[in-house]
Every structure is written in structure tokens, then in C-alpha cells.
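Peer 1: any chance you could fold what I've pasted below:
(one chain, ligands or ions: 1)
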Amino acid sequence: MTLAELENNKAECLAEIAAASDAAVVEALRVKYVGRNGSIPALIKGMKDVPKEERPAFGKAVQAWRAEAEAALAAKGGGASGEKPVDADLTLPGRWWRLGVKHPLSRVIEETAQVFGRLGFTVADGPELENRFNNFTALNTPAHHPSMDRSDTFWFGEDCLLRTQTSPVQIRTMQANRPPVRVICPGRTYRRDTTDATHSANFHQIEGLYVDTKPVSLADLKSVLAYFAKEMMGSGVTVRFRPHFFPFTEPSVEVDFSCHVCKGKGCSVCKQSGWIEVAGAGMVDPRVFKFVGYDPKEVSGYAFGFGVERIAMIKYGISDIRWLYENDIRFLGQLG
Ligand code: DAH
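Peer 2: Alright, predicted model coming up:
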């Protein structure tokens, strides 16, 4: 086809469209000219056979034809892109896409950060690959403590390990800041545990630390954890402390929440005791302060640590920790 012929065909096409009076004719013209097997796409396909020197001008003319034809068809109510009129029952309800939900562990971490944020705590972070000093030594763990055993901890050489707790972030935070220090430290932790309904080799903890130059007491710790318990588990929940031992706190306690399910009366969730163990805590041991270069005569503070999985399981009534790692949408969707 020569350029002149093309211009002729174009004029004819535009005249036909201009004369079209009903939708069926417009649609037929659309198919004839711009449809997939129409004459304009055919011309575009045939461009390779047009002599090289004529190709640019020819191409331009074809594109102009297509644009004008599509505009003319559109002006006549024909879809330029060839969409058929909607052939559907517009009264049918729409398709409902399920929104994603936050993972229970993320929820517990975020909620905890919010609750403690209201008390002036910020979030601190530390690496999952730690050294011996931060994970054990500075936390006053004796050199031959069983938790350092190769059967309990993932070691990489003599000095490098996957942190077994979030407590090393306490050490990093105190080394990098002068008191007052008020942080929570959520993160992944690792232990050589065999997986079962309540254990996983990789789990999550949240550490808390408050150190100040004004006296800090066990009563401060209890009031903060009592506030956390109420915000997290419901307004009726109370806390109790039981004496315990941790190398990095003195005195040390284990923290129980009253059972939010039976309100302390005794049920299967709390194993009939009315209480659920949730955290370890205590007053920071003076030896820990010495390890980070704080003067124990000038500062005091408390620390606590709890398992994120444990809180999530209690809060949402999850009976097996493995549900938290399988990403089964049927499980996760229930918390929406
Ligand atoms: N790190 C302890 C654990 O993994 C939990 C813990 C107990 C953290 C007492 C603390 C604390 O900060 O004071 O079992």
C-alpha cells in the first residue's frame, strides 16, 4: 500500500464511522479497523515489508489513522480498547477479598511496645549473633554454667553464639547510654531445644530494663508489671512474685499473672492453680552494673524478660507453639 492509498483508506474509514448510526454498526467498524484482526493492526504487522526509507512516514500515518479511528469510535460510544458492554448481573454482591492479619507474635510485640511506651520505655535492638561476654559473662553467668553447654546453645567457635536470651541487649544498652535507661528489647532467641508443643529452638523474648540514679525498688517493678498485665490480659488480672534465682538479678523473682480465663478460680489453662507463670525479673545485680561500667553505689534498677510465644499462647488460647510458625492461613485468619 502506498501512502496515498493509505490516506484514501483512512478517509473512507473515518467517513464510515461518521456515518454509523447504531451501536452494532460502530462495533462492526471497530472490529473491521482497529480490532485484533482489523486492517490497522494488519498494516502495523506488515510494516516490515515497507521499504526502509518509507517506513517512518508510513508508520506515523498508520498510528495517526489508528488514533483518529479510535477517537471517532469512542465519540460514537464504541470502546476504543474493544471492551464489550458489561454483560453481568450488576445486582450480585461484590467479591469479598480477605484482608491479611497481623501475626500473633507481631501483635504481642507491638502491643507490649505500646504499653511500655506509655510508661516512657523505648525499644532497643541487638544482634542475634552475640559474643560470650554480652550473652553470659556480663550477665554474671558463672564460667561453667550449664546454659553455656554446647548441647544447650548454638556456638560458632569459642566466642560467637546465637543469643539464648534478649538479656544481652541490656548490656549493650547500658554500655552505650548513661542512666536513666528505660528500654524494652524484643527479638529472636535460640536454644538447642527439641521442638514440641511448648518448645522451639527459635523463639522470641522481650527484655525490659530500667536503671536510674534515683532509687529504684522491687515495688516499682511490680507496679509496672501489674500495669502491663492489665493492659495485655484484661483489667481484672493481677500479678504475684515468687522468689527465684537468675545470675543477673538480685533478688530475682518469677512473675505470675492471675488466670484471665477462670479469674483465678482454677481451670485447665492455669492447671487449676489460678496463676500463670509469664516472666523472670528482679533487681539488676551490682556485678552486672560493674561489667558495663556503672557504679552500683550510684545506680539501681530492675530487669525482666518474658517469652513472646508464651504471652501469645495465653492471650489467644493457642495450645501448640508450632501453630505460630506454620503460617497456616486458617489458623492466622481466626485472629482477624
Ligand atoms: N533471660 C531470662 C531467661 O531467658 C529471663 C529473664 C529473667 C530476664 C530475669 C531478665 C530477668 O531480665 O531479670 O530465662
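
Peer 1: interface residues of the stretch 101-250 of the chain facing the ligand?
Peer 2: Within the stretch 101-250 of the chain, the positions near the ligand by C-beta under 6 Å from any ligand atom are 165, 167, 207, 246, 249. The C-beta positions use only the backbone N, C-alpha and C, and glycine is treated the same way.

Peer 1: swap in 5 Å and give it another go.
Peer 2: 165, 167, 246, 249 (C-beta under 5 Å from any ligand atom).

Peer 1: so where's the stretch 1-150 of the chain uncertain?
Peer 2: Applying pLDDT under 70 to the stretch 1-150 of the chain flags residues 78-85.

Peer 1: which stretches of it form helices?
Peer 2: 3-19, 23-33, 39-45, 55-75, 104-118, 132-135 (DSSP state H, counting those that start in this stretch).

Peer 1: report the separation between the residue nearest the centre of the chain and the ligand.
Peer 2: Nearest to the geometric centre of the chain sits S106, at 6.0 Å (C-alpha atoms, centre = their mean). Distance, S106 to the ligand, using C-beta to the nearest ligand atom, to the nearest Å: 20 Å.

Peer 1: likewise D285?
Peer 2: If you measure D285 against the ligand using C-beta to the nearest ligand atom, the figure is 9 Å.

Peer 1: residues contacting that residue?
Peer 2: With contact set as C-beta atoms under 8 Å, 6 or more residues apart in numbering, D285 has these partners: 140, 247-250.

Peer 1: from the residues you listed, which is closest to the ligand?
Peer 2: Checking those against the ligand by C-beta to the nearest ligand atom gives T249 as the nearest, at 4.2 Å.

Peer 1: ok, that closest one - how many residues close by?
Peer 2: T249 has 25 neighbouring residues, counting by other C-beta atoms under 10 Å.

Peer 1: correct me, but it touches A279?
Peer 2: No. Using C-beta atoms under 8 Å, T249 makes no contact with A279, being 11.6 Å away.

Peer 1: and stretch 216-224, how far from the chain's centre?
Peer 2: Taking C-alpha atoms, centre = their mean, to the nearest Å, one finds stretch 216-224 lying 32 Å from the centre of the chain it belongs to.

Peer 1: let's have the chain start at 30 instead
Peer 2: With the count now opening at 30, the last piece we talked about shows up as stretch 245-253.

Peer 1: okay, buried residues for it please.
Peer 2: 245, 249-251, 253 (16 or more other C-beta atoms under 10 Å).

Peer 1: with respect to E99, which of these is nearest?
Peer 2: Nearest to E99 among the buried residues of stretch 245-253: V253, at 68.9 Å, using C-beta to C-beta.

Peer 1: let's verify the closest one: helix, strand, or coil?
Peer 2: helix (DSSP: H, G, I helix; E, B strand; the rest coil).

Peer 1: how about the contacts made by the residue nearest to the centre of the chain?
Peer 2: S135 makes no contacts at all, as judged by C-beta under 8 Å, 6+ apart.

Peer 1: which secondary structure element contains whichever residue of the stretch 180-329 of the chain sits closest to the ligand?
Peer 2: Of all residues in the stretch 180-329 of the chain, G309 sits closest to the ligand, at 2.6 Å by C-beta to the nearest ligand atom. Applying DSSP states H and E as the criterion places G309 in strand 304-313.

Peer 1: pairing partners for that strand, with directions?
Peer 2: Strand pairing for strand 304-313, determined by DSSP bridges: strand 278-287 (antiparallel), strand 329-336 (antiparallel).

Peer 1: and the next helix or strand past it?
Peer 2: Downstream of strand 304-313, the first helix or strand assigned by DSSP H and E is helix 315-320.

Peer 1: now do that next one: distance to the chain's middle.
Peer 2: With C-alpha atoms, centre = their mean, you get 35 Å for helix 315-320.
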